[in-house]
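Student: Okay, here's the prediction I keep looking at, along with the sequence it came from:
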Amino acid sequence: MLQMSRLFLRTLRDDPADAEVASHRLLVRAGYVRRVAAGIYSWLPLGYITLRNIERVVREEMDRAGFQEVHFPALLPREPYEATSRWNDYGSDLFRLQDRKGGDYLLGPTHEEMFTLMVKGECSSYRDLPLTIYQIQTKYRDEPRPRSGIIRGREFVMKDSYSFDIDDAGLEKSYQDHRAAYIKTFERLGLKYAIVSAMSGAMGGSKSEEFLAPCETGEDTYVLCPSCGFAANVEAMSTKVSGKSYPDVPALETLDTPNTPTIDSLVEVLNKNYGGGFTAADTLKNILLFADDEPISVLVPGDREVDLKRLQANLPGVSELRLFEEEDFAKNPKFVKGYVGPQDAQSLGLKLYADPRVEIGSSWVTGANKSNTHARYVQNGRDFKVEKYVEAAEVRAGDGCPQCDTPVVIDRAIEIGHIFQLGRKYAKALDLTVLDSDGKPNVVTMGSYGIGVSRAVAAIAEQSHDQLGLRWPREIAPADIHIVATGKEDLPFDTAFDLAQKLEAAGARVMLDDRRDASPGVKFKDAELIGIPTIVIVGKGLANGVIEVRDRWAGTSSEIPLEGAADLLTQLLK
RNA sequence: CGGGGCGUAGCGUAGUGGCUAGCGCGCCUGCUUUGGGAGCAGGAGACCGGAGGUUCGAAUCCUCUCGCCCCGACCA
């Protein structure tokens, strides 16, 4: 029984000044967490109970699926990460430290290497596979910008699993098993979620899906097709190419377009001097960037912005993408800022990429690589040659679904899980092989599966709070029932305590507000802020032999007889 | 790393060169109060993020520095 007269808890009346998003504000106000440093939080009793509840659900579903729990150190030596070159590739996100002898160590940001090495040490035959093992671990990443409280921290709790299979079919099955276990897990956690196609990103690998919890403060953007159910992270969204054809485009013509360095100014001058009817979509935007120091040009229709995240995700092997800045143009006068066109890409030494949309629409107005000059009737394939089509333009609500062309909707979400087929990258790097039935060594193929456990606390808080405070799904809440005793006599307190004991005997988890010095208003406010789903008030109703039961979710209130209340309330929990 | 904002008591804040740094919440003591963040009285609690400087005098001006929040870059 959690007795508030003794509970290590202080709730705050005001929002903390450094918290913006709801989960951060409320978790701090309700006394679940406290900030220690940027992106680093301590868990107080209520918060820690909640965190462990989520861990418990995750653990139960992993175990039920037949996966086995292990536990690695968070403090790890450099060597394994050297072998996969992640000691360097992970860059400054990696917390590195030295021991007294000067040896290099790191705080684990993720544990592929350790899992792979452990299996290597224990398994040598195909008969040992398939195998899936997991851990719930504190992970460390020195985020360039921790944000949104618990949502993106530098220290966080993550469940990570790895599957080991002999072949692709086995991997696919392990992957599907995990996917099914995740669905059960997130259902139990009471999270609304979407499963979307994703890019596998820095981890490497192929097939990849994300579990996203939709909410306004999410950092991920995804598209959803209301018709066929297609869902994808915007980075993984492919463009449905459609558009009219341009059979007879006149020869390229150069136009005087004074003072038109931007699309808007260009369209205005075109419509004034060269007949009406031009829109931004008729123009071709040339964005110059450095892809790992190599200058490239990316073409998108003039009415679209370039989405650097999408572009980067779709340029595998490019680790840094940087827009041209003033000084880059100054250093390279052959590139005329505001008037770049794709016609001379080759002679300018530019690698030419284009959004798929550029493939069809093909009578463009674009820069003529000369100040105050543009060209029209510029045709793809005739006047310029694209090296590679790559998803580059921003995705918009209403864009065609790649599967069925229905206009898609766009939403924001928090990534709470990610599953992907890693393949043999780590097994190869660390030489994880098992003997197959022919007695020949076979490189093992792996899958990798993560759930942000501490992040899930915040995601649930984001999705299920109201004006008054938090509002937990019962399985996650720090207690099933929050009993508030009011009044100044002993009777309500004794009665409430008695009820709490009966409920506990029946298996319920109870929080009892038995504070004598707090006024009823304070207790009600605290109960609402803390967010336990059922609030029971033992007070003035006692005169009539009743207590009040409030449903934090429905916002409803009803009176029930004290007599038999424990049984009735226990029924509620079923 | 670029842009913006902010560091004053546990929390939220006022204070743009002048006296003892003010207020609300919270905390302590006493009395009253107990169904919506109670009232009265008394009290404790701040090296004004740090260092250096300007000045007769600095929370306040200048320089540097550390930290925090937001947007972007980046990232699960």
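Tutor: Looks like it came in fine. Numbering: from 1, shown residues only, chains lettered A, B, ... in the order given.

Student: Tell me the spacing between residue A:12 and RNA strand B.
Tutor: Separation of residue A:12 from RNA strand B (Cβ to the nearest atom of the strand, to the nearest Å): 5 Å. In this view, the C-beta of every residue, glycine as well, is placed from N, C-alpha and C.

Student: ok, the nearest residue to that residue once chain neighbours are set aside - contacts?
Tutor: Nearest residue to residue A:12, sequence neighbours excluded (Cβ to Cβ, 6 or more residues apart in numbering): residue A:29, at 4.6 Å. Counting by Cβ atoms under 8 Å, 6 or more residues apart in numbering, residue A:29 touches A:11-16, A:469, A:529.

Student: what ranges do the helices span in the stretch 101-250 of chain A?
Tutor: Taking DSSP state H, counting those that start in this stretch as the criterion, the stretch 101-250 of chain A carries its helices at A:112-122, A:168-188.

Student: Rank the helices and strands of chain A by mean pLDDT and give me the bottom one.
Tutor: helix A:326-331 (a mean of 78; mean pLDDT, DSSP states H and E).

Student: Flag every buried residue along that one.
Tutor: Neighbour counts over helix A:326-331 (16 or more other Cβ atoms under 10 Å) mark A:328-329 as buried.

Student: what's next to that helix, contact-wise?
Tutor: Residues outside helix A:326-331 that contact it (Cβ under 8 Å, 6+ apart): A:288, A:290, A:335, A:337.

Student: how does it look with 6 Å?
Tutor: A:335, A:337 (Cβ atoms under 6 Å, 6 or more residues apart in numbering).

Student: That one and RNA strand B in contact?
Tutor: No: remark: helix A:326-331 sits outside contact range of RNA strand B, by Cβ under 7 Å from any atom of the strand, the gap being at least 11.8 Å.

Student: and that helix, C-alpha only, in CSV?
Tutor: Output of helix A:326-331 as CSV, limited to C-alpha atoms (Å, rounded to 0.1, in the frame of the first residue of the first chain):
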residue,chain,number,x,y,z
GLU,A,326,27.1,32.2,-49.2
GLU,A,327,30.8,31.6,-48.9
ASP,A,328,30.6,28.4,-50.9
PHE,A,329,29.0,30.4,-53.8
ALA,A,330,31.7,33.1,-53.3
LYS,A,331,34.4,30.5,-53.6
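
Student: mind listing the strands for the stretch 301-450 of chain A?
Tutor: Counting by DSSP state E, counting those that start in this stretch, the stretch 301-450 of chain A has strands at residues A:321-323, A:351-354, A:364-370, A:373-378, A:388-389, A:409-423, A:433-435, A:441-443, A:445-452.

Student: Point out where the stretch 1-150 of chain A drops to low pLDDT.
Tutor: The stretch 1-150 of chain A contains no residues with pLDDT under 70.

Student: RNA strand B contacts on that one?
Tutor: Within the stretch 1-150 of chain A, the positions near RNA strand B by Cβ under 7 Å from any atom of the strand are A:10-18, A:20-21, A:24, A:29, A:35, A:37-39, A:93, A:139, A:141, A:143-149.

Student: Which single residue of the stretch 301-450 of chain A ends up nearest RNA strand B?
Tutor: The minimum distance from the stretch 301-450 of chain A to RNA strand B, using Cβ to the nearest atom of the strand, falls at residue A:415 (4.2 Å).

Student: show me what contacts that residue?
Tutor: A:210, A:212, A:220.

Student: The residues you listed in strands, which ones?
Tutor: Of the contacts of residue A:415, the ones assigned to strands by DSSP state E are A:210, A:212, A:220.

Student: Quick one: neighbours of the last one, just the number.
Tutor: The tally of other residues near residue A:220 (other Cβ atoms under 10 Å) stands at 19.

Student: got it, and the first one?
Tutor: By other Cβ under 10 Å, the residues close to residue A:210 number 26.

Student: got the contact list for it?
Tutor: Contacts of residue A:210 by Cβ under 6 Å, 6+ apart are A:196, A:198, A:233, A:415, A:418.

Student: how about 8 Å then?
Tutor: Applying Cβ under 8 Å, 6+ apart, the residues near residue A:210 are A:195-198, A:220, A:222, A:233, A:415, A:417-418.

Student: what would these look like in a markdown table with pLDDT?
Tutor: Listed next are the contacts of residue A:210 as a markdown table, based on pLDDT from 0 to 100:
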| residue | pLDDT |
| --- | --- |
| A:195 | 94 |
| A:196 | 93 |
| A:197 | 89 |
| A:198 | 87 |
| A:220 | 90 |
| A:222 | 92 |
| A:233 | 89 |
| A:415 | 94 |
| A:417 | 95 |
| A:418 | 93 |
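
Student: Please list only the buried members of those residues.
Tutor: A:195-198, A:220, A:222, A:233, A:415, A:417-418.

Student: distance of the residue lying closest to residue A:307 once chain neighbours are set aside from residue A:353?
Tutor: With Cβ to Cβ, 6+ apart as the criterion, residue A:307 has its nearest non-adjacent residue at 4.4 Å, and that residue is residue A:394. In this view, residue A:394 and residue A:353 are 15 Å apart by Cβ to Cβ, to the nearest Å.

Student: hey, what's the residue nearest the centre of chain A bridged with?
Tutor: Note on chain A: the residue nearest the mean C-alpha position is residue A:415, at 2.0 Å, using Cα atoms, centre = their mean. Assessed by DSSP bridges, residue A:415 has beta-bridge partners residue A:212.

Student: Can you report how many residues lie near residue A:248?
Tutor: As a burial measure, residue A:248 scores 5 neighbours (other Cβ under 10 Å).

Student: which regions of the stretch 151-300 of chain A sit below the pLDDT cut-off?
Tutor: Across the stretch 151-300 of chain A, the ranges flagged by pLDDT under 70 are A:200-205, A:242-244.

Student: where do the strands sit along it?
Tutor: Using DSSP E, counting those that start in this stretch, strands in the stretch 151-300 of chain A cover A:155-165, A:194-197, A:208-214, A:220-224, A:231-233, A:253-256, A:284-291, A:294-301.

Student: quick one: which of those strands is nearest residue A:543?
Tutor: strand A:208-214 (45.5 Å; Cβ to Cβ).

Student: How about exporting the closest one as PDB, limited to the C-alpha atoms?
Tutor: Provided in PDB are the C-alpha atoms of strand A:208-214 (Å, rounded to 0.1, in the frame of the first residue of the first chain):
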ATOM      1  CA  SER A 208      12.600  -2.200 -41.300                       C
ATOM      2  CA  GLU A 209       9.400  -1.100 -39.600                       C
ATOM      3  CA  GLU A 210       8.800   1.400 -36.900                       C
ATOM      4  CA  PHE A 211       6.100   1.400 -34.200                       C
ATOM      5  CA  LEU A 212       5.000   5.000 -33.900                       C
ATOM      6  CA  ALA A 213       2.900   6.500 -31.100                       C
ATOM      7  CA  PRO A 214       0.900   9.300 -32.800                       C
END
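
Student: Thought residue A:156 was touching residue A:146, still the case?
Tutor: No: applying Cβ atoms under 8 Å as the test, residue A:146 and residue A:156 come out as separate, 9.7 Å apart.

Student: Same drill for these two, tell me which one is more crowded.
Tutor: residue A:156 (23 against 19).

Student: Does that one touch residue A:458 like I think?
Tutor: No: counting by Cβ under 8 Å, residue A:458 is not a contact partner of residue A:156; they are 9.8 Å apart.

Student: anything in contact with each of these two?
Tutor: Common contacts of residue A:156 and residue A:458, defined by Cβ under 8 Å, 6+ apart, comprise residue A:150.

Student: Need the buried ones from the residues of the stretch 1-150 of chain A next to RNA strand B selected in ChimeraX.
Tutor: Only the buried entries of those go into this ChimeraX selection, using 16+ other Cβ under 10 Å:
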select /A:11,21,24,29,35,39,139,141,146,148,149
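
Student: quick revisit: which among the contacts of residue A:415 gets closest to residue A:294?
Tutor: Of these, the one sitting nearest to residue A:294 (Cβ to Cβ) turns out to be residue A:220, at 28.8 Å.

Student: didn't that closest one look like it was pressed against residue A:411?
Tutor: No: assessed by Cβ under 8 Å, residue A:220 is found out of contact with residue A:411, at 9.4 Å.
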